[in-house]
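Student: 3D, please:
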Amino acid sequence: MSAFKQPDFNDRQSAAVKARQAALAKFKAKPGPGDPEFDRKQVERVALEEARKVREEQRRIEKEKRVAEEAIAKAAAEEEKRKADLAAHLAKIAEVEALEASQKAARDARYAARKAAKKAKKSG
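Tutor: Residues are numbered from 1 along each chain as shown. Here you go, the predicted structure:
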């Protein structure tokens, strides 16, 4: 096995020249404006760009639709919660009124009993 030979300046310079020439040949090999291959690729690029714009627009529309549906669902849920809270509040009010009515009836019954007892004591 031979030892590693460090490339000298001339070797590096010739390698750089060859690399530049290869890059230039590759660039020149590509079709330019007016070439049918270039025009075909340009048409494909434009078609792909238009298709991408259409897809982005569809995604944007779907996102707006989804956001609107979520807002509607959220509003409906809030409305249902508000109705449930109102129903619970009304039920609590009715319960308090029923309790107050039963307490008043009991109080009136005690008052009537006391009055009847006084009347019975006077006449009796």
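
Student: Walking through this structure, point out its helices one by one.
Tutor: With DSSP state H, the ranges of helices along the chain come out as 9-29, 36-123.

Student: among these, which gets the worst mean confidence?
Tutor: Note on the helices of the chain: lowest mean pLDDT is at helix 9-29, with a mean of 90.

Student: With just CA atoms, put that one into CSV.
Tutor: Below are the C-alpha coordinates for helix 9-29, written out as CSV (Å, rounded to 0.1, in the frame of the first residue of the first chain):
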residue,chain,number,x,y,z
PHE,A,9,-0.4,23.4,-6.2
ASN,A,10,-0.4,22.4,-9.9
ASP,A,11,-2.6,19.4,-9.2
ARG,A,12,-5.1,21.4,-7.3
GLN,A,13,-5.1,24.1,-10.0
SER,A,14,-5.7,21.7,-12.8
ALA,A,15,-8.5,19.9,-10.8
ALA,A,16,-10.2,23.3,-10.3
VAL,A,17,-9.9,24.1,-14.0
LYS,A,18,-11.4,20.7,-14.9
ALA,A,19,-14.3,21.2,-12.5
ARG,A,20,-15.0,24.7,-13.9
GLN,A,21,-15.0,23.3,-17.4
ALA,A,22,-17.3,20.4,-16.4
ALA,A,23,-19.7,22.9,-14.8
LEU,A,24,-19.7,25.1,-17.9
ALA,A,25,-20.3,22.1,-20.1
LYS,A,26,-23.2,21.0,-17.9
PHE,A,27,-24.7,24.5,-18.0
LYS,A,28,-24.3,24.8,-21.8
ALA,A,29,-25.9,21.4,-22.3
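
Student: who's in contact with that helix?
Tutor: For helix 9-29, contacts defined as C-beta atoms under 8 Å, 6 or more residues apart in numbering pick out residue 7. Bear in mind the C-beta positions are built from the backbone N, C-alpha and C, glycine included.
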